[in-house]
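Participant: 3D, please:
(chains A and B)
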Amino acid sequence: MKILSTIGSKFWKGWMYFAEKVGWVNEHILLGVVYFVAIGLYAILYDVTRIFKPKPKTMWRTFEHQPMTLEALEKQF
Amino acid sequence: MANNKPTYLLGLACFYHDSSACVVKDGVVVAAAQEERFTRLKHDENFPTQAVAYCLAEAGISMNDIDGVCFYEKPLWKFERLLLTYIQEWPRGFVSFIKAMRAWLSKKLWMEHIIRKELGEFWPAYDYRPWYHRFVFNRLPLKQAFPQFEGKIYYVPHHLSHAASTYYPSGFEDATVLTVDGVGEWSTTSLALGHGSKLELKEEMVFPDSLGLLYSAFTYYLGFKVNSGEYKVMGLAPYGEAKYTQEIWDLLDVFDDGSFRMKPEFFAYRYGLRMTSQKFVKHFGTPVRQPEDELTQWHKDMAASLQQVTEELMLKLVQYAYLQYGGKNLCLSGGVALNCVANGRIVREGPFENVYVFPAAGDAGGSVGAALYTYSIMEPESHNLAPVKTIYLGPKNSNSEIESFLQEYGIKFDKILSEEDRAKSIAQHLADNKVIGLFQGRMEFGPRALGNRSIIADPRQNENWKRVNIKIKFREDFRPFAPSVMADKADDIFDLRGVESPYMLLTAHTKAKDLPAITHVNGSARIQTVSPEDNKPYYDIISAFNDLTGCSTIINTSFNVRGEPIVCDHIDAFKCFIRTDMDILVLENFIVNVDDVDKEALKSQFELEVFGDD
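Facilitator: The predicted model follows:
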């Protein structure tokens, strides 16, 4: 029983190590696709629209989210 | 029949730095504490489980009694800012994007779930789960698994939390509120107007233009830890000369109304893992200082220059606030409001008659602000605008707990029951040039030790400065000490012009010439005025010291060592005592003398934490 448990534990640790590495690769591939494709497309559009933006005369801007109600506070956005 | 049940709100601030919790009962803060004090991890950012447990216990309630949980920011606004910043900076922010998304996808996007789950620990075992969950898990040994908090959660915008944390406790009937910090969701600086129970954010400056981030960029550049070492830069500034202010102004476009734009080419925090860009380094001609590198005069001059620019910018912002909204009263909050030198200038040179700064002006205070603001919306008519009269909102230990602890470890002590005799005895030790660890009453909320978790000493002895810094606090020798002074005698010693500074958030020039240990090289001191109303036992000690020596001031520094949070309970205090060179430890009514303690033997009985180099 003890031998089985030891083998099982070693196998589990090995699997976790392997899974972590695979996860790391997966994470980078998936986030890379999101970053370079989805965000990239928006970024190109953003750069185009930025050309037409006038230079600001102040950095103050009006706080838009008024009035704050209890319902508004319940939202995370 | 009218419902007489009080309204209880639980405030939370966490997952960035300095997490904290508070309980507000009918608009009055009854308990507040930072998580770091319990976990002993400085600036702990994790969910404040222990702080919540303490606040509930102090209020004598359970999660059942809580009418709402108030979180100090709107997570999805912040996520929106992150995504938009990556769009703007594409493609150079990839590494930062991966890191940020890891944190957001695994934790921060599931804020509601995390809060409910974490608070489930305090929630009565109630089976909230859907039928299929129950069907599966009730057949497994997990019956009581996953209880969750089921009540309402309110998300208060970050800068509104800051604004509320200073406006409501101020006691002003109306006020202009200026909040300045690194960044909340979008806001970095905001202006709000308070009138009665109503508080409205009017204007904001948004990321990436931020005075807090400018200060943090230099904190990084000067080799200190961001979101932690800013106060060291402030402490370093008086040793330098403001030679490089023009070079710092060159990094900004400043507008007439006090707003400013940070020139993006000099800063890397929008897309990278560093605060400053290569161009920034080239601009100043000196590489980023590594933490272990020596601090040269150049670094001190740079800190002085940054401090001057910060003060000028703060004064411009205050001037704009006054021109725009007028009034007599100003409330300040946000991390930058912990810059007591700038605060001192706002009080002396600013246009407002009265200035109030919330003592926990940084992110920790966000929990209080979120709860107070939610209460003001919930109960707009009955809102209790009573000012926060005490900042001693944390836990305390009773004499009986302390006595049993001392007896358990066979530690010799003097027990002094009379408050008067106790004050006299402590004062006598101070007069004998002893350095004392003072632990009494409830713990302070916020970053300052204000006499209940303090190390105190005689300020007339110059040697005490180096001794406390090097042998007791194990920290940099340039770091100054703050004085605690009897409020009724403060004007004789400091140029305070009648202004009180009960929370150690103002600096003023020292008139007295014989207080080297608390006077900075530029002749200033960061003052705590103490009155009997603020803290009677502490006032009595200073007063007894004054009777003995004619000196109405003592050194007050926080009761901790470098890298460690301020002590929370009597055991933390004792551990700190045996690992440092303090002479006397006062635990409520018990006085322990170092000569009666076998430190080495006791050290082996306590698990002494190793603290980081902070």
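Participant: Skip the chain neighbours and tell me the closest residue to residue 70.
Facilitator: Unless you meant another one, I'm taking chain A. B:Ile377 (5.5 Å; C-beta to C-beta, 6 or more residues apart in numbering or on different chains). Backbone N, C-alpha and C define where each C-beta goes, glycine included.
Participant: please go with chain B instead
Facilitator: Nearest non-adjacent residue to B:Cys70 (C-beta to C-beta, 6+ apart): B:Ala370, at 3.9 Å.
Participant: now B:Asp514
Facilitator: Counting by C-beta to C-beta, 6+ apart, B:Asp514 lies nearest to B:Arg460, which is 5.7 Å off, once chain neighbours are set aside.
Participant: does the one you found sit in a helix, a strand or a coil?
Facilitator: The assignment at B:Arg460 comes out as coil when based on DSSP: H, G, I helix; E, B strand; the rest coil.
Participant: Pull the contacting residues for it.
Facilitator: By C-beta atoms under 8 Å, 6 or more residues apart in numbering or on different chains, the contact list for B:Arg460 reads B:Asp514, B:Leu515, B:Pro516, B:Ala517, B:Thr549, B:Cys551.
Participant: Can you tell me the centre-most residue of chain A?
Facilitator: A:Leu31 (7.7 Å; C-alpha atoms, centre = their mean).
Participant: doesn't B:Met101 make contact with that residue?
Facilitator: Yes - using C-beta atoms under 8 Å, A:Leu31 is in contact with B:Met101, at 5.5 Å.
Participant: What parts of chain A come near chain B?
Facilitator: When proximity is defined by C-beta under 8 Å from any C-beta of the partner chain, chain A lies next to chain B at A:27-28, A:31-32, A:34-36, A:39-40, A:42-43, A:46, A:56-63, A:65-70, A:73-77.
Participant: taking the residues you listed one by one, which sit in strands?
Facilitator: A:Arg61, A:Thr62 (DSSP state E).
Participant: Just to be sure, which of the residues of chain A next to chain B are found in helices?
Facilitator: Of the residues of chain A next to chain B, the ones assigned to helices by DSSP state H are A:Glu27, A:His28, A:Leu31, A:Gly32, A:Gly40, A:Tyr42, A:Ala43, A:Tyr46, A:Leu70, A:Leu73, A:Glu74.
Participant: So which of those residues wins on neighbours?
Facilitator: A:Leu73 (23 neighbours; other C-beta atoms under 10 Å in any protein chain shown).
Participant: how about that residue, what does it touch?
Facilitator: B:Cys70, B:Tyr154, B:Tyr155, B:Val156, B:Thr374, B:Ile377.
Participant: what does B:Asp598 give?
Facilitator: B:Asp598 touches nothing, counting by C-beta under 8 Å, 6+ apart.
Participant: Tell me how far it lies from chain A.
Facilitator: Separation of B:Asp598 from chain A (C-beta to the nearest C-beta, to the nearest Å) stands at 44 Å.
Participant: ok, now B:Leu201?
Facilitator: Taken as C-beta to the nearest C-beta, the span from B:Leu201 to chain A is 4 Å.
Participant: follow-up on the earlier one: mark which of the contacts of B:Arg460 are part of helices, please.
Facilitator: With helices taken from DSSP H, the overlap with these comprises B:Thr549.
Participant: how about the contacts of B:Arg460 in CSV, adding distance to B:Asp572?
Facilitator: Formatted as CSV, the contacts of B:Arg460 follow (distance: C-beta to C-beta, whole Å):
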residue, distance to B:Asp572
B:Asp514, 34
B:Leu515, 30
B:Pro516, 30
B:Ala517, 25
B:Thr549, 30
B:Cys551, 30
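Participant: Would you point out the most distant pair within the contacts of B:Arg460?
Facilitator: B:Pro516 and B:Thr549 (15.1 Å; C-beta to C-beta).
Participant: mind giving me the domain split of chain B?
Facilitator: B:8-71+B:107-155, B:159-358, B:399-605 (automatic domain parsing).
Participant: With distance to A:Ala19 and mean pLDDT as extra columns, can I get these in JSON lines?
Facilitator: Shown next, in JSON lines, are those (distance: least, C-beta to C-beta, whole Å; pLDDT from 0 to 100):
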{"stretch": "domain B:8-71+B:107-155", "distance to A:Ala19": "20", "mean pLDDT": "84"}
{"stretch": "domain B:159-358", "distance to A:Ala19": "26", "mean pLDDT": "95"}
{"stretch": "domain B:399-605", "distance to A:Ala19": "35", "mean pLDDT": "92"}
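Participant: check contacts around B:Glu607.
Facilitator: With C-beta under 8 Å, 6+ apart, B:Glu607 has no contacts at all.
Participant: max-length helix in chain B?
Facilitator: Longest helix in chain B, counting by DSSP H: helix B:297-325.
Participant: Type out the ChimeraX command that picks the buried ones from the contacts of A:Leu73.
Facilitator: Buried members of the contacts of A:Leu73, defined by 16 or more other C-beta atoms under 10 Å in any protein chain shown, are picked up in ChimeraX with:
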select /B:70,154,155,156,374,377
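Participant: Quick check: of the contacts of A:Leu73, which lies closest to chain A?
Facilitator: Distance to chain A across these (C-beta to the nearest C-beta) is lowest for B:Tyr154, with 4.0 Å.
Participant: for the closest one, helix, strand, or coil?
Facilitator: strand.
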